[in-house]
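>>> Build me a model:
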Amino acid sequence: MLKKVFGSAVFGVEATTITVEVNVDTGVGYHLVGLPDNAIKESNYRIAAALQNNGFKIPVKKIIINMSPADLRKEGSAYDLTLAIGILAATNQIQAEDLEDFLIMGELSLDGSLQPIKGALPIAIKAKEEGFKGFILPKQNAKEAAIVSGLNVYGVETIEQVINYFDKGEPLEQTIINVEEEFNKSLNFPEFDFSDVKGQESIKRCMEIAAAGGHNIILIGPPGAGKTMLAKRLPSILPPMTLEEALETTKIHSVVGRVKENTGLMAQRPFRSPHHTISNVALVGGGSYPQPGEISLSHNGVLFLDELPEFKREVLEVMRQPLEDREVTISRAKFTVTYPSSFMLVASMNPSPSGYFNDPDAPVTSSPAEMQRYLSKISGPLLDRIDIHIEVTPVPFEKLSDTRKGESSIEIRKRVTAARELQTKRFENSTTVHYNAQMNTKQIRKHCVLDDASMQLLKTAMERLNLSARAYDRILKVSRTIADLEGSDHILGSHISEAIQYRSLDREGWLG
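Model (predicted):
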């Protein structure tokens, strides 16, 4: 007897429906075909134990299971439940008339309980697109899948519940969530606040500009100056995610199983801070069966690279293209996947191996040559892609001991959000550009028009600092953001002057 059950495979951030065909015939043998990986091949042991512990069994017959399309690689243990229900239905141990109306996924424990799966959200989106009546999956993933409206989502804890539903008509509890309500409820304010930062007013200003325009930023300063503290607080002043951004972010984290159990939508902007020993594959994504890397997990959020020169050079260089294109494409012999990677890069670094500037009063000093050699670990093309370079100096004792609270993240976020709203209106006819840092050359020429005095000022800076064409574009983008924060329609000389100041690593003699 032949029965069909439906599961799903995730490639990139999109799902593909998998038809599991179970054919039972006279003879002996268990044959699983259709390019399954080892985790799927081992499923027969888990399925046999789970069925036996729930009063069923895999009969001694010839069972052939085909996972179609057969030329597509399948991986992971999430097909256990799909295969088990298919075997029970094909061997007439349960009656399942409407089996083909459902998409079924779940990993089985030996006692028949279900473990969570990866990619529940993209699978649910595909199930709705293909007109399935419902999606049966582990209860831990139910809220995540229920984000998709128009699809009945049933979270189950054991295989027994699924068997009783199909065989005895016992109802399953449908998971229903109000996406708007869930999204708004999750907009809790982050625990890190700029009011905790003592002094560093100029750096806070830089952070505000970076957040308002989505600009990449690098902080250079000695140990204990507050670089990491400032970076961790950047997400608290970024505008709240839109519902569309939240869905997109949740989708990526769902693929790698990073969405917390019993959680629906991710409403907080991600903040990722990988260690400097990370490999280039872990950073940009990849592997034999490509998975998103840190830059994609940072999509719509912040990627913080602490101690930038300590990262391997080849690791940093692979970020060049994603920083420009805001997506990363990973190609393999048989397929290609593209992951979105529109993130804000925040990097921090010490100015020298000792950690201090060329200062005779510093505890440990490095010579200018040592400092230059240390800085040369970061390539010029990568620095060109970072809009704002700023020096962070230690906070004096008077500021540290001041008991007064600084400006809160809520207040800064209001100004940032107002500036972003101006940019949203400016780019309302564009599908790829939403804020200033994303502007291409054509848009820069259109929206960053300078008067004669400002143009002369920029020309002088370009010649004296020997800036590249890319740095020229960065200065214009940052000056446009500064003008937006002030609510100015035109870029003024003061805006250009401030933007030029934020190119520290382009200035000769910045080492002191």
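>>> show me the residues around the residue nearest in space to the middle of the chain that make contact.
Geometric centre of the chain, nearest residue: Leu297, 2.2 Å, by CA atoms, centre = their mean. Leu297 makes contact with Ile252, His253, Val256, Arg258, Pro270, Arg272, according to CB atoms under 8 Å, 6 or more residues apart in numbering. C-beta here means a position set from N, CA and C on the backbone, and glycine is covered the same way.
>>> taking those residues one by one, which sit in helices?
Members of the contacts of Leu297 lying in helices (criterion: DSSP state H): Ile252, His253.
>>> could the contacts of Leu297 go into a markdown table alongside pLDDT and neighbour count?
Formatted as a markdown table, those follow (pLDDT from 0 to 100; neighbours: other CB atoms under 10 Å):
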| residue | pLDDT | neighbour count |
| --- | --- | --- |
| Ile252 | 94 | 25 |
| His253 | 94 | 21 |
| Val256 | 90 | 16 |
| Arg258 | 86 | 14 |
| Pro270 | 93 | 21 |
| Arg272 | 95 | 18 |
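>>> for the contacts of Leu297, which one is nearest Ala211?
Nearest to Ala211 among these is Pro270, at 14.8 Å by CB to CB.
>>> Name the nearest residue to that closest one, sequence neighbours excluded.
Nearest non-adjacent residue to Pro270, counting by CB to CB, 6 or more residues apart in numbering: Gly301, 3.5 Å away.
>>> and what of Asn54?
That would be Gly112: by CB to CB, 6+ apart, it lies 4.6 Å from Asn54.
>>> Pretty sure the one you found sits against Ala50.
Yes: taking CB atoms under 8 Å as the definition, Gly112 is a contact partner of Ala50 at 4.4 Å.
>>> shared neighbours of these two, anything?
Listed as contacting both Gly112 and Ala50 by CB under 8 Å, 6+ apart are Ile159.
>>> still on that earlier bit, number of nearby residues for the residue nearest to Asn54?
Neighbour count of Gly112, defined by other CB atoms under 10 Å: 25.
>>> can you tell me how far it sits from Asp80?
Distance of Gly112 to Asp80, given as CB to CB, to the nearest Å: 10 Å.
>>> and if you look at Ser236?
The gap separating Ser236 from Asp80 is 41 Å, by CB to CB.
>>> Name the residue in those two with the higher neighbour count.
Between Ser236 and Asp80, counting by other CB under 10 Å, Asp80 is the more crowded of the two (27 against 23).
>>> For the more buried one, which non-adjacent residue is closest in space?
Using CB to CB, 6+ apart, the nearest residue to Asp80 is Leu108, at 3.9 Å.
>>> Surely Ala9 is within a strand?
Yes: using DSSP: H, G, I helix; E, B strand; the rest coil, the assignment for Ala9 is a strand.
>>> packing partners for the biggest strand by length in the chain?
Looking across the chain with DSSP state E, the single longest strand is strand 14-25. Applying 3 or more CB pairs under 8 Å, 6 or more residues apart in numbering; DSSP states H and E, we find strand 14-25 packed against strand 2-11, strand 62-68, helix 80-90, helix 120-129.
>>> and after that strand, which helix or strand comes next?
Downstream of strand 14-25, the next assigned helix or strand under DSSP states H and E is strand 29-33.
>>> shaky segments in the stretch 51-200 of the chain?
Low-confidence segments of the stretch 51-200 of the chain, defined by pLDDT under 70: 182, 185-190.
>>> mind listing the helices for it?
Under the criterion DSSP state H, counting those that start in this stretch, the stretch 51-200 of the chain contains helices at 80-90, 120-129, 142-145, 159-168, 179-185.
>>> Other residues contacting the last one?
Helix 179-185 is contacted by residues Lys143, Ile147, Ser149, Leu243, Ala246, Gly264, Leu265, Ala267 when judged by CB under 8 Å, 6+ apart.
>>> now the longest one
Applying CB under 8 Å, 6+ apart, the set of residues contacting helix 80-90 from outside is 1-7, 18, 20-24, 32, 43-44, 46-47, 50-51, 56, 58, 63, 65, 94-96, 99, 104-108, 114, 136, 159, 162-163, 166.
>>> what's the answer for the fourth one, then?
Outside of helix 159-168, the residues within contact range by CB under 8 Å, 6+ apart are 50-51, 54, 56, 81, 84-85, 88-89, 94-96, 98-99, 104, 106, 108, 112-114, 136, 154, 156, 170-172.
>>> now do the second one
Among residues not part of helix 120-129, those counted as contacts by CB under 8 Å, 6+ apart are 8, 10, 13-17, 103, 105, 135, 137, 141, 144-148, 150-151, 153, 247, 250-251, 254-255, 259.
>>> which stretches of the stretch 251-400 of the chain have low pLDDT?
Applying pLDDT under 70 to the stretch 251-400 of the chain flags the ranges 262, 358-361.
>>> Tell me which of the helices of the stretch 51-200 of the chain approaches Pro322 most closely.
Closest approach to Pro322 among the helices of the stretch 51-200 of the chain (CB to CB): helix 120-129, 20.8 Å.
>>> Quick one: distance of the closest one to the chain centre.
Relative to its parent chain, helix 120-129 has a centroid offset of 19 Å by CA atoms, centre = their mean, to the nearest Å.
>>> Buried residues of it, list them for me.
Ala120, Leu121, Pro122, Ile123, Ala124, Ile125, Lys126, Ala127, Lys128 (16 or more other CB atoms under 10 Å).
>>> now the nearest residue to the last one once chain neighbours are set aside: how far from Ile209?
The shortest distance from Lys128 to any non-neighbouring residue, by CB to CB, 6+ apart, is to Leu151 (4.3 Å). For Leu151, the distance to Ile209 under the criterion CB to CB works out to 43 Å.
>>> swap in Asn66?
Distance of Asn66 to Ile209, computed by CB to CB: 58 Å.
>>> Provide a list of residues in contact with the residue nearest to Lys128.
For Leu151, the contact set (CB under 8 Å, 6+ apart) comprises Ala124, Ala127, Lys128, Phe132, Gly134, Phe135, Ala145.
>>> try Lys4
Counting by CB under 8 Å, 6+ apart, Lys4 has contacts Thr19, Val20, Glu21, Val22, Gly86, Leu99, Glu100.
>>> Just the buried subset of those residues, please.
Looking at the contacts of Lys4 with 16+ other CB under 10 Å, the buried ones turn out to be Thr19, Val20, Glu21, Val22, Gly86, Leu99.
>>> Go through those and name the one nearest Asp306.
For those, the minimum distance to Asp306 (CB to CB) is 45.8 Å, reached by Val20.
>>> Run through the residues that contact the residue nearest to Pro270.
So Gly301 contacts Pro235, Leu238, Thr249, Arg269, Pro270, Phe271, Arg272, Phe343, Met344 (CB under 8 Å, 6+ apart).
>>> One more pass at 7 Å, please.
The contact partners of Gly301, taken as CB atoms under 7 Å, 6 or more residues apart in numbering, are Pro235, Arg269, Pro270, Phe271, Phe343.
>>> so the first one touches Phe304, yeah?
It refers to Pro235. No: counting by CB atoms under 7 Å, Pro235 sits too far from Phe304 to count as a contact (9.7 Å).
>>> just so I have it, where are all the helices in the stretch 201-350 of the chain?
With helices called from DSSP H, counting those that start in this stretch, the stretch 201-350 of the chain shows them at 201-213, 227-232, 243-255, 280-284, 294-297, 313-317, 320-325.
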